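K.L.:
Got a predicted structure plus its sequence, pasted below:
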Amino acid sequence: MDLLLNRPQGCYGPKTYIFNLPAPATCRPTAWCLAHCPALQDNTESVFGHVGPEKLTISRRKDFADMMIGEIKRKHIHFVKVHSSGDFYSRTYVRKWKKIGQACPETMFKTSTKRLEFIDDLVDLNALPNFVVRETIDPSKPKPVTNLPLSAISTLAIAKNFFECIRNCDKCNFYCWYNKIDESMPVFSHREWKWKK
């Protein structure tokens, strides 16, 4: 089974591959997430592709990092979005992604997280030159608590001067992948998420 999903018509474009986990099993959602995140709703499959429990099981395997490294190198993947659905769930899992990032220096990795109980490991992961880890903030959690770059809902006042994501990585030439800047994200309805993906 391929671990990485590629949706050429999606907002990330044909160069980007995605690794998702089931959100209910790995996220610590805020009240805002529970009301707005499609990954926590019944339509997860139509929005994010297959994110069943087997991906979570595989991510817990001791050889997960080696499996991911092998797939990235075999397919010559240059961009990996970690968790459009789901989140980091343990320090060991964060460290597996550090191993993957270190072994694939020509691949850019991008993720965001609310799982700040692993902050030391997440800061360490973000220190890799090819890995961007952003702290997610939203109306239920509007104030950052780390020194990580931020990913904020565009309606928040704090996001006023952030880099505005246009949901088209090819068009902006992967700017927020190569630059560890704060970004603002538009809010889509579930129907718009289906259309965008």
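P.N.:
Sure, I can see it.
K.L.:
how about the strands of this structure, start to end?
P.N.:
For the chain, strands defined by DSSP state E occupy the ranges 5-6, 16-19, 79-82, 108-113, 131-137, 150-153, 163-164, 183-185.
K.L.:
what's the average pLDDT for the first one?
P.N.:
In this model, strand 5-6 has a mean pLDDT of 90.
K.L.:
for it, packing partners?
P.N.:
strand 16-19 (3 or more CB pairs under 8 Å, 6 or more residues apart in numbering; DSSP states H and E). In this view, the C-beta of every residue, glycine as well, is placed from N, C-alpha and C.
K.L.:
quick one: average confidence on the strand it packs on?
P.N.:
Computed over strand 16-19, the mean pLDDT rounds to 95.
K.L.:
and Lys55, how many neighbours does it have?
P.N.:
Neighbourhood size, Lys55 [other CB atoms under 10 Å]: 20.
K.L.:
in terms of contact, does it touch Asn20 like I think?
P.N.:
Yes - the criterion here is CB atoms under 8 Å, and Lys55 meets it with Asn20 at 6.6 Å.
K.L.:
Please enumerate the helices of this protein.
P.N.:
With helices called from DSSP state H, the chain shows them at 23-26, 31-36, 44-48, 53-59, 64-75, 91-103, 119-126, 175-178, 190-196.
K.L.:
I'd like these as CSV, with mean pLDDT appended.
P.N.:
Formatted as CSV, the helices of the chain follow (pLDDT from 0 to 100):
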stretch, mean pLDDT
helix 23-26, 91
helix 31-36, 89
helix 44-48, 47
helix 53-59, 93
helix 64-75, 98
helix 91-103, 98
helix 119-126, 97
helix 175-178, 96
helix 190-196, 45
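K.L.:
mind putting these in JSON lines, distance to Met1 included?
P.N.:
Putting these into JSON lines (distance: least, CB to CB, whole Å) gives the following:
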{"stretch": "helix 23-26", "distance to Met1": "18"}
{"stretch": "helix 31-36", "distance to Met1": "28"}
{"stretch": "helix 44-48", "distance to Met1": "16"}
{"stretch": "helix 53-59", "distance to Met1": "7"}
{"stretch": "helix 64-75", "distance to Met1": "10"}
{"stretch": "helix 91-103", "distance to Met1": "17"}
{"stretch": "helix 119-126", "distance to Met1": "25"}
{"stretch": "helix 175-178", "distance to Met1": "26"}
{"stretch": "helix 190-196", "distance to Met1": "24"}
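K.L.:
what's the closest of those helices to Ile158?
P.N.:
Nearest of the helices of the chain to Ile158, taken as CB to CB: helix 31-36 at 14.2 Å.
K.L.:
The closest one: how far from the chain's middle?
P.N.:
Centroid separation for helix 31-36 versus its chain: 17 Å, with CA atoms, centre = their mean, to the nearest Å.
K.L.:
Stretch 71-83: end-to-end distance?
P.N.:
Start to finish, the residues bounding stretch 71-83 are 17 Å apart (CA to CA, to the nearest Å).
K.L.:
buried stuff in it?
P.N.:
Using 16 or more other CB atoms under 10 Å as the test for burial, stretch 71-83 gives Glu71, Ile72, Ile77, Phe79, Val80, Lys81, Val82, His83.
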